[in-house]
Structures are given as C-alpha cells and as structure tokens.
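Just to be clear, the model below is a prediction. Sequence and coordinates:
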Amino acid sequence: MTGAETRVPIPGSERAGWPGAREVGPAAGGATVDVSVWLRPRRGGELDRERAAQLGATLPAQRRYETRAALAATSGADPAAVAAVRAYLHEYGIEVVETRWRSLHARGTLAALSHAFGTKLSVWEEEDGLLQLRQRSGTLSVPANLVEIVQGVFGLDTWPVRHGIKPPAQAQPAQQNAEAPPPPLTAAELARFYEFPAGDGRGQTIGIVHFGAAFDRSGLEASLRPQGIAAPEVVLEYVDGSVAPTAPTPFDVELALDAHVTAMLAPGAKLVLYGAPHDERGALDVIAAALFDEQQRPSILSISYGWPQDAWTPNALELFDELFVAAALLGVSVFCASGDYGADVIEARPRAFAPASSPFAHACGGTQVDVVAGKRVEGSWSGSGGGFSERIGGVPGWQSAASEQARKRYARHGRGVPDVAAHAFPPAYGIVRGGRTALAGGTSAVAPLWSALTARLNERLGTPLGFYAPLLYAKAAEAALFRPATGEGNGYYLAPEGWPWNPCTGLGVPRGAALERALRAGENERSAN
C-alpha cells in the first residue's frame, strides 16, 4: 500500500526555505526524531469561535466556562481517526509514543518520516555559517483517506534559536551614576504608575511558556529580596522531551525576566514554567499542554516569544487560533508579546508577529518611558511590534478601530496588533544572574506585567477573566481604562494623539483600578451563560 496509494497535499502545510539560509546537503536519513501529528476534531467537535467571542464581550460575573475534561472530551480527535493514522504510521515503522487531545506524538527515522509525509529534508546553513537547521520545502502529503483527518505535522524541521522575539540578552548591568539609567523599577513604582488594584494574585496560577531555558530560583529570590517580596511557589513542567539546559543560553535571561515581573507584581500567585523545544512543534504542544493541564490548572498564560507570521506554516497559525479559542472557552487569559523589531519591515512590507496576531490572544506592545523633570513621561517605542495581520479573516468584530487605521495606512484590513501596552524601554526590570543585577526590558516584559495585573483582577473579582479583549475595546473610552501612549510610532506606523487605537501601543497602558471598576459592573447579576 505504501508505494501505491494516491497522495494528497495537506492544506496549509507549505513551507518555504528559511530566510537568509541556503541548502548545504541532505539530512541524515537514519537519525531518529520525534514529531507531533495534529488531527482535526471529531465531527461536531469544532471549537465554538462565536461562543468564545461572546464570552469575551460578557462581564465576568455573567460568564460560565467549560471544564478542561469536558472540552477535551467533546473537541478531541475521533478514536477511529487516531487508529487510522496510527496504522498508517506503523506501515513505515513509525511508533506512536503517546496520544494527546488532538495530536499523536510519533517517533521514527527521518527517512521513514520523509516517505510517510512526502517531503525531502535537507540541512540548511545561515549566511554566516554559524548556525545550521533541518529544513523541508513544499507541502506535506498523506493518502487521500487521511487528508480530512491530518491537520498538520510538526517537528520535521528545526529553527535557529536566535530568530523570533529578541531575548533581552543585551540586558545592561545596573549602575548608579549620573550618566546611567535610573535604578531597576520596583513593584511599588509599577503598581503606582499603572494604578494597579490592591492584592497580590493570591489563589491564581500563571503559566509562563519558555523555550530551552534554565530557571534560577536563587536569582529570582535575590531580585525580589531588596523589595521585601518573598518568591512565590514555582513549578517546572516540560513537554516534548525538553529539559533544563546545563549550559547558559540567551533564553535564560528571557525566563528570568518573565518570572521576575510576574513574581514581583503578583507574588501570591503560583508560577508554572512550561518548557518546550524551540520550534513550531514545541510552541503548539506546550500551549496545548498548559491549557489542558488538569493538575496545575493555570488561569493565565504568558508568552514572551513570537516570530513573523510568514515564518510559521499556515496550519500552525490556524492551530494557534484554535488553541486560544479553547483558552477563551476555559477561562484562561493569554498574553503574547508583540515583538521588539518595530514594524519588522522586510522588502518594504511590514510583518505582524504570531502568536500575538491571533484574535483570541491579548497582544502586548511596548512603550518608552523617559524621566523629565523628575517625572516619568510615557510614549510610543520605536521597537514595539505592531501592525496588521495578513491572514484571511479580516478584523475581529470587537476591533473596528483597527479597520480605520488600516485604511489610513493602505494596509490589509486584518487583525490589528497590539491590543495593550506597558513599559518596555529603556530596560528597567532588574533581574539577577550570577549574583549580578542586570536591566532587561522589551515587550517580553509587557506580557508578564499584564499577566500579573490580570491575576490581581481575578483575585479581586473572584472569577477568572479569561479572554476579555472585546470588553476592553468596548469600554476603553467610556470608562477611561487606558492612558494613551503616543508619539512617532514604530518605524512604519504612527501613534498620534486622538486615535482610540494605534498599531504601536494599541489602546494604551492600563489604569488598573479603572479596569477593576469596569469589569466589576454587573457582578451581582445572574445570567444563563
């Protein structure tokens, strides 16, 4: 059968060559690798996008969320489909190691996987010759009877670890002299600046997604100790065989920043650090694992990573949307950094970053804060990722303000990024590594800041906010939920005064107490939702 069946391309699986790299030779066919084969939901089990959007526009007190067990049972893959894919892979000597919600963890040689999915795998090298990656080109294919079942296959190719949102590896040592930037921001200063409501996130669990990083508990404790803050409970979880590296990596700084910001602003919350391999497979699998984690049950997920949309396969982008719809139905708030490359213009075309570009994520842009006459003055930051998604689907109904700005810039009317913003530049978040304090920043600090704010709001409201971007857009002006952060923009898009939203700082920076008041409205009402 394996040599004679009619093969059909998997829609959305197309992969172009990696930008700035060249093919140098074939991949070693005898090498054994692990992949994730994602399947479509069982018939009638499609996730309800309209319901997710409706929840996002409903006051928290009137919401009713799905349970993890119930959603997994109704929207998972059909057992018959799992059996069919398992049997097909067995013909090529590919082992199914584990079955998950909508995916199979499979293991086989590169030669067997190449044949099973109709592709060629090669070794590519970046122009400087310092990094190599495994790459495929074109689309994947399966027999005709499986094309309606298999949604995507991830893990065949690898990514160079230095691409994506810049890790704050350029973090500067904190110095105290007249020429140096101000000392690290404290929790009290940030809470006052953004008008955080009282509380510490007690009873909440914040998941932090990371790739290939080691967590330094002693460094976190040292960064919080000068503020009189005790480090919170931290749990380490890994997927797809990921383990903590034994040698330092650039992403250690990223994880230290994420943990520091969430811990100092919501020290009562439990942090769960979800680690995964640095590629498409790892990104999808780790988000799914966090969302359906019955033991840790996070209600907030912070993701400080991303890549331009055209770096992802189309079916990976589709799956991000589905995962974040699931998050909305479960009552999990997802915050994604919008990127530190500004509009990321390549060949005169700006590019939005994913997964922040998913309409069911809260995309977090960055601001620049300068000290003028002893006061902090906040405006747009040239490095803040932002723009418009080029994917088909248009602007979400709750984000009509983005359509107006897209027309002004003659851009495709797609989902606008970001939704919200906060202090990103200059680096001002003090992290401790190796006994020394360094200053880090970027939009990588904004996703955990909004996660911590949401943990406090969850605590005070007594219910998870989940997906609440539609409420933010609907109430932004009438309730003065945001302070505008305007200026020259991010190198392509402007952030002028008077716009309700812009593709650099979104709706603006939070006024936490006003957010609580607006979200608390109607908490005594009952609804059949």
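Yes, it's here.

where does the protein dip in pLDDT?
Scanning the chain for pLDDT under 70 picks out the ranges 1-4, 130, 160-182, 347, 392, 409-413, 522-529.

ok, longest strand in it?
Once the chain is assigned using DSSP state E, the strand that runs over the most residues is strand 362-372.

Quickly run through the sheet partners of that strand, with directions.
According to DSSP bridges, strand 362-372 forms sheet pairs with strand 333-337 (parallel), strand 375-380 (antiparallel), strand 420-425 (parallel).

Tell me the buried residues in the second one?
It stands for strand 375-380. Across strand 375-380, burial judged by 16 or more other CB atoms under 10 Å covers 378-380. In this view, the C-beta of every residue, glycine as well, is placed from N, C-alpha and C.

And stretch 137-155, by the same measure?
Going by neighbour count (16+ other CB under 10 Å), the buried part of stretch 137-155 is 137, 139-143, 146-147, 149-155.

Could you single out the nearest of the residues you listed to residue 444?
Nearest to residue 444 among these is residue 154, at 23.8 Å by CB to CB.

Could you list every helix and strand that the host helix or strand of residue 446 packs against?
Secondary structure from DSSP states H and E places residue 446 in helix 446-461. The helices and strands touching helix 446-461, judged by 3 or more CB pairs under 8 Å, 6 or more residues apart in numbering; DSSP states H and E, are strand 205-211, helix 250-265, strand 300-303, strand 333-337, strand 362-372, strand 420-425, helix 512-520.

Same list, those, but as CSV with mean neighbour count and distance to residue 114 please.
Shown next, in CSV, are the helices and strands packed on helix 446-461 (neighbours: other CB atoms under 10 Å; distance: least, CB to CB, whole Å):
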stretch, mean neighbour count, distance to residue 114
strand 205-211, 26, 25
helix 250-265, 25, 30
strand 300-303, 29, 31
strand 333-337, 30, 33
strand 362-372, 23, 36
strand 420-425, 27, 42
helix 512-520, 19, 51
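
The closest residue to residue 89 other than its chain neighbours - how many residues pack around it?
The spatially closest residue to residue 89, leaving aside those adjacent along the chain, is residue 106, at 5.7 Å (CB to CB, 6 or more residues apart in numbering). Residues lying near residue 106 (other CB atoms under 10 Å) number 24.

Please report how far residue 106 lies from residue 366.
Here residue 106 is placed at a distance of 39 Å from residue 366 (CB to CB, to the nearest Å).

try residue 436
To residue 366, residue 436 is 25 Å away according to CB to CB.

Output the helix or strand containing residue 73 as CSV, restricted to C-alpha atoms.
According to DSSP H and E, residue 73 maps onto helix 68-75. Extracted in CSV, the C-alpha atoms of helix 68-75 (Å, rounded to 0.1, in the frame of the first residue of the first chain):
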residue,chain,number,x,y,z
ARG,A,68,-11.0,21.1,30.9
ALA,A,69,-12.2,17.5,31.0
ALA,A,70,-15.5,18.3,29.2
LEU,A,71,-13.8,20.4,26.5
ALA,A,72,-11.1,17.8,25.8
ALA,A,73,-13.8,15.1,25.5
THR,A,74,-16.0,17.0,23.1
SER,A,75,-13.4,18.6,20.9
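
which strands and helices sit next to it?
helix 314-330.

could you redo the last one with a cut-off of 10 Å?
When contacts are defined as 3 or more CB pairs under 10 Å, 6 or more residues apart in numbering; DSSP states H and E, helix 68-75 sits against helix 280-291, helix 314-330.

would a markdown table of these with distance to residue 419 and mean neighbour count be doable?
As requested, the helices and strands packed on helix 68-75 are exported to a markdown table (distance: least, CB to CB, whole Å; neighbours: other CB atoms under 10 Å):
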| stretch | distance to residue 419 | mean neighbour count |
| --- | --- | --- |
| helix 280-291 | 18 | 25 |
| helix 314-330 | 13 | 23 |
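
what about residue 212, neighbour count?
The number of residues packed near residue 212 is 20, by other CB under 10 Å.

isn't it right up against residue 251?
Yes: in terms of CB atoms under 10 Å, residue 212 counts as a neighbour of residue 251; the distance is 5.2 Å.

Residue 497: how many residues sit nearby?
Residue 497 has 8 neighbours, counted by other CB under 10 Å.

Tell me where the stretch 1-150 of the chain has helices.
Taking DSSP state H, counting those that start in this stretch to define them, one finds helices in the stretch 1-150 of the chain at 49-56, 68-75, 79-91, 110-116.

what's the most buried one of those helices?
Most buried of those by mean neighbour count (mean count of other CB atoms under 10 Å) is helix 110-116; its value is a mean of 21.

hang on, the earlier thing: could the helices of the stretch 1-150 of the chain go into TSV alongside distance to residue 102?
Formatted as TSV, the helices of the stretch 1-150 of the chain follow (distance: least, CB to CB, whole Å):
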stretch	distance to residue 102
helix 49-56	16
helix 68-75	8
helix 79-91	10
helix 110-116	19
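
For residue 193, which of the ones you listed is the nearest?
helix 49-56 (26.9 Å).
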